[in-house]
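Trainee: Any chance you could fold what I've pasted below:
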Amino acid sequence: MTEKNFEVIYMAVAHKGSISMGLVLIPVGMYKATVDNDIHFNQLDKESKARIRYKKYCSHCGKEVTSKDIVKGYEYEKDRYVVMTDEELEKIKTKKDRTIHIIQFAKMSEVNMIYFEKDYYAVPDAGAEKAFELLRQAMLSLKKVAVAKTVMGTNEKLLVLYPTKEGIIVKTLFFHDEIAAVPKTVPRMKLDENELSMAKMLIENMTKPFVAENYHDEYQERLRQAIMKKIEGQEIVSADAGSPANVIDLMDALRKSLEMSEKKDKRSHKQLTGTA
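Mentor: Next up, the predicted model:
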């Protein structure tokens, strides 16, 4: 387990449950696999620069309420509600709902990426490490994922347990009826063989192993720099005054793109080899 993954154990658990495979139970915690590194702005009053606050209040008497004063209500008729307590919501959960019960296994390639919603690290509880590792290694060697279900809060979730070299990633999925239809069909067009060959050459020339560590949020860096400049009283200047060029001749654009990629590839090779 890497240092980064080891730190996950100390994060707040998002969901607790046991992976259920037949009669085998593997108690695990699910931890968020992503962090929010974006800069967030507060809303301020334009003149006073004071924070804009939002208050929860009762629409009947107008008094401000806190989270302990709020209950869950379902509107079954106009302005008529049935209240459901947390205890009542817990009572309707079945034994399966309280586990991450595996329904089937499938090939990794069979799960369309459009269904992926959120990712979590699955971390076994103390004493469950061997069963967890057995499941991980078996799935990884067969190149299979587990399709499972559980209830998180008041929502049933379809899950995929995805084995990796380091552990198991739990991916929550959208249900099929939650996926919107493609808004517009892209027409299949007859392509010029020279253009297709040029496009393939460009793709091949720009192909290299994907290393996630090589990429970072460059806009957030510029945003932080701009904020620091404003704090120091400096003026914000345009980062790029140019505008995108219109593509008129596709073949010409492909040719120029290929030339640019070849030059970039040569520069990268020189930097790696240290040649002039």
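
Trainee: what residue ranges in the protein score low on pLDDT?
Mentor: 1-10, 239-248, 265, 267-276 (pLDDT under 70).

Trainee: middle-most residue in it, spatially?
Mentor: Lys118 (4.8 Å; C-alpha atoms, centre = their mean).

Trainee: who's in contact with stretch 253-265?
Mentor: The contact list for stretch 253-265 (C-beta atoms under 8 Å, 6 or more residues apart in numbering) reads Glu195, Met198, Ala199, Met201, Leu202, Asn205, Met206, Val247. For the C-beta atoms, the positions are set from N, CA and C on the backbone; glycine is no exception.

Trainee: Please apply the same query to stretch 134-151.
Mentor: 15, 17, 19, 21, 26, 93, 96-108, 111, 156-165, 167-168.

Trainee: Show the buried residues in these.
Mentor: In those, burial by neighbour count holds for 15, 17, 19, 21, 26, 99-102, 111, 157-163, 167-168, counting by 16 or more other C-beta atoms under 10 Å.

Trainee: Give me the distance between Leu140 and Leu223.
Mentor: For Leu140, the distance to Leu223 equals 39 Å [C-beta to C-beta, to the nearest Å].

Trainee: ugh, wrong one, I meant Ile114
Mentor: 30 Å.

Trainee: More neighbours: which of the two?
Mentor: For Ile114 versus Leu223, the count of surrounding residues by other C-beta atoms under 10 Å is larger for Leu223: 14 against 9.

Trainee: quick one: that one is in a helix?
Mentor: Yes: assigned with DSSP: H, G, I helix; E, B strand; the rest coil, Leu223 falls within a helix.

Trainee: Surely it touches Phe41?
Mentor: No: when contacts are counted by C-beta atoms under 8 Å, Leu223 is not listed as touching Phe41 (9.9 Å).

Trainee: Kindly indicate whether the closest residue to Ala146 other than its chain neighbours is helix, strand or coil.
Mentor: Of all residues not flanking Ala146 in the chain, Leu161 sits nearest, at 4.0 Å (C-beta to C-beta, 6 or more residues apart in numbering). What three-state DSSP gives for Leu161 is strand.

Trainee: Thank you, goodbye.
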